[in-house]
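S.K.: coords below, sequence missing:
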């Protein structure tokens, strides 16, 4: 690499495979350097790996921004790396290919390699700053970091396209604090597309842990997938993304196991604020505590975008379990702004259970204050999977505080709880349920509880239920309980029922 160091803007092509040592003890220092934006020696040329392989070496660095290249402002392409390592727990911005990328990394594959460093760690590069990383694949890798680690990139605000990541069978991507993902640890701006991961991502004491991204903000994620690898952390844990805000997500899915020891756990996203999610699904087995959902653990609107939409999404997994605010699709929908929240053409089929309150086949709890728009739920359903909880338990929604429910909406499942139990909704307040033309709103299946138990709604207050000649609202299940038990509604007060 001496010629490259002397000519950082040159053109280079690797002509042969290079095995540096038998045992990986051979050390390489980063090419170029980065101290800050005005004091650096970037690589600005072209390095063509020519599909050859560099193997059996370690990277030594005592300053931040470490890799084969410290800072890339040129093009690195067609390079394979095998059996590489970095081991210095005091260094930030570390990648096997480069520490920081501001231009192009394409078609670079890394296998059987590992990094142990401080923060902002990725096997391809530590930080992708406005650059493009494409067609890069990592396999049989492991990462141990204090914070912000991703299989491909540690921190991103550029473009990640057509990349894949996989950990070794007995290894993982692990942090002792926050922000770990199968593809990227943290993403501020930029775009991630057509990428997938099977990596195990694990951070027992950390927040923002995801199968693709740990934390994501102000960006776009499309056609990304996380399968098989377990994702686990403390809080804000998701099969695809741990925590996200102001993000557009489309055509993504997860089918892994997602576990958190605290709150905000989702098969796709743990905590989602001001998002647009289209055509996404999860088949994950989800286990959390408060705010747990098959797709989203927690969904909120703060008003930073014009409309929050969840459209044509589903959870079709094994089970969703938690302690409270647990839903087959979404644990808790919370509207804190004048922005509309719309959930449309969505469904869930998994078994849903909690040890506490607010448990629903589709949504655990829906809440919107009196001075804010009602949450709109259109043409959604839950079927097959049983729904079990303590109080406020519904085959469709556990409890509703101000929502507009329209279109064909139903729950076909076994529902059981103690108080406020309904085949469709356990507790309903300040909401409207409207059977639009040719739409059916109904519940079927066995419903059982103690107090306030209804085939359709357990407790209904200050709400309206309205059908039309061509729209049917009904319940056909067996209902049992002790006090305030009804085939349609267990207890109704200050509400209107028409049609």
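M.R.: Happy to help now that I have it. Quick caveat: nothing in here was measured; it's all calculated off a predicted structure.

S.K.: quick one: residue 230 and residue 97, what's the gap?
M.R.: Separation of residue 230 from residue 97 (C-beta to C-beta, to the nearest Å): 27 Å. Quick note: C-beta positions are derived from backbone N, CA and C, even for glycine.

S.K.: who has more neighbours out of the two?
M.R.: Set side by side, residue 230 and residue 97 show more neighbours around residue 97, with 27 against 17, by other C-beta atoms under 10 Å.

S.K.: residues touching the closest residue to that one other than its chain neighbours, list them.
M.R.: Once flanking residues are discounted, residue 97 sits nearest to residue 124: 5.1 Å by C-beta to C-beta, 6 or more residues apart in numbering. Applying C-beta atoms under 8 Å, 6 or more residues apart in numbering, one finds that residue 124 lies in contact with 95-98, 105, 108, 110, 133, 136, 138, 152-153, 163.

S.K.: show the buried residues in these.
M.R.: Burial of the contacts of residue 124 was assessed by neighbour count (16 or more other C-beta atoms under 10 Å); the buried members are 95-98, 105, 108, 110, 133, 136, 138, 152-153, 163.

S.K.: of these, which pair is most distant in space?
M.R.: For the buried ones among the contacts of residue 124, the maximum inter-member distance is 14.8 Å, found between 98 and 163 (C-beta to C-beta).

S.K.: one step back: so which of the buried ones among the contacts of residue 124 sit within strands?
M.R.: Judged by DSSP state E, strands contain the following of the buried ones among the contacts of residue 124: 98, 105, 108, 110, 133, 138, 153.

S.K.: quick check, the last one in contact with residue 179.
M.R.: No. Look at residue 153 against residue 179 with C-beta atoms under 8 Å: they stay out of range, at 11.8 Å.

S.K.: what touches both of these two?
M.R.: Both residue 153 and residue 179 are contacted by residue 185, under the criterion C-beta under 8 Å, 6+ apart.

S.K.: and stretch 368-380, what's buried?
M.R.: Across stretch 368-380, burial judged by 16+ other C-beta under 10 Å covers 368, 372-380.

S.K.: specify which member of those residues is nearest to residue 145.
M.R.: Closest to residue 145, out of all of those and judged by C-beta to C-beta, is residue 375, at 38.6 Å.

S.K.: any idea how far the closest one lies from residue 315?
M.R.: Distance, residue 375 to residue 315, by C-beta to C-beta: 18 Å.

S.K.: next one: residue 114
M.R.: With the distance defined as C-beta to C-beta, residue 114 ends up 34 Å from residue 315.

S.K.: who's more crowded, those two?
M.R.: Shown here are residue 114 and residue 315; by other C-beta under 10 Å, residue 315 has more neighbours (33 against 20).

S.K.: what about the nearest residue to the more buried one once chain neighbours are set aside, neighbour count?
M.R.: Using C-beta to C-beta, 6+ apart and skipping residues adjacent in sequence, the residue nearest residue 315 is residue 294, 2.9 Å away. Residue 294: 38 surrounding residues under other C-beta under 10 Å.

S.K.: begin at 553, not 1, for the rest of this chat.
M.R.: That works, and once the first residue is 553, the last one we named lands at residue 846.

S.K.: how near is residue 846 to residue 995?
M.R.: Distance, residue 846 to residue 995, by C-beta to C-beta: 19 Å.

S.K.: likewise for residue 859?
M.R.: Distance, residue 859 to residue 995, by C-beta to C-beta: 29 Å.

S.K.: more neighbours: which of these two?
M.R.: Neighbours were counted for residue 859 and for residue 995 using other C-beta under 10 Å; residue 995 has more, 31 against 12.

S.K.: which element is the more buried one on?
M.R.: According to DSSP states H and E, residue 995 maps onto strand 992-996.

S.K.: report the strands that pair with that strand, each with its relative direction.
M.R.: Strand pairing for strand 992-996, using DSSP bridges, gives strand 961-964 (parallel), strand 1024-1027 (parallel).

S.K.: pick the most buried one from those.
M.R.: Most buried of the strands paired with strand 992-996, by mean neighbour count (mean count of other C-beta atoms under 10 Å): strand 961-964, with a mean of 26.

S.K.: continuing past that one, what's the next helix or strand?
M.R.: Using DSSP H and E, the next helix or strand after strand 961-964 towards the C-terminus is strand 967-968.

S.K.: paired strands for that next one, with orientation please.
M.R.: Here, using DSSP bridges, strand 967-968 pairs with strand 939-940 (parallel), strand 999-1000 (parallel).

S.K.: so for residue 759, which of these sits nearest?
M.R.: Evaluated over the strands paired with strand 967-968, closeness to residue 759 peaks at strand 939-940, with 28.3 Å, by C-beta to C-beta.

S.K.: need the contact partners of that closest one.
M.R.: The contact list for strand 939-940, computed with C-beta under 8 Å, 6+ apart, reads 880, 903-906, 911-913, 945-947, 963, 965-969.

S.K.: which helix or strand lies directly C-terminal to that strand?
M.R.: Next in sequence after strand 939-940, counting helices and strands by DSSP H and E, comes strand 943-946.

S.K.: list the contacts for residue 1017?
M.R.: Contacts for residue 1017 were tallied using C-beta under 8 Å, 6+ apart; they are 984-985, 1025, 1047-1050.

S.K.: gap between it and residue 599?
M.R.: The gap separating residue 1017 from residue 599 is 68 Å, by C-beta to C-beta.

S.K.: kindly report the same for residue 1026.
M.R.: 69 Å.

S.K.: tell me the contacts of residue 581?
M.R.: Shown in contact with residue 581 (C-beta under 8 Å, 6+ apart): 611-613.

S.K.: cool, residue 865 as well?
M.R.: 820, 829-833, 847, 881, 898.

S.K.: could those residues go into CSV alongside distance to residue 698, neighbour count and pLDDT?
M.R.: Shown next, in CSV, are the contacts of residue 865 (distance: C-beta to C-beta, whole Å; neighbours: other C-beta atoms under 10 Å; pLDDT from 0 to 100):
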residue, distance to residue 698, neighbour count, pLDDT
820, 27, 33, 98
829, 31, 27, 98
830, 35, 15, 98
831, 36, 16, 98
832, 31, 27, 98
833, 34, 22, 98
847, 31, 34, 98
881, 35, 33, 98
898, 38, 26, 98
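
S.K.: inside strands: which ones of the residues you listed?
M.R.: Using DSSP E, those in strands are 829-830, 833.

S.K.: of all those residues, which comes closest to residue 795?
M.R.: residue 829 (14.2 Å).

S.K.: from memory the closest one sits against residue 866, does it?
M.R.: No. Look at residue 829 against residue 866 with C-beta under 8 Å: they stay out of range, at 11.3 Å.

S.K.: got the ones in strands among the buried ones among the contacts of residue 676 as a markdown table, with pLDDT and distance to residue 588 columns?
M.R.: Formatted as a markdown table, these follow (pLDDT from 0 to 100; distance: C-beta to C-beta, whole Å):
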| residue | pLDDT | distance to residue 588 |
| --- | --- | --- |
| 650 | 98 | 17 |
| 657 | 98 | 22 |
| 660 | 98 | 26 |
| 662 | 98 | 27 |
| 685 | 98 | 22 |
| 690 | 98 | 29 |
| 705 | 98 | 20 |
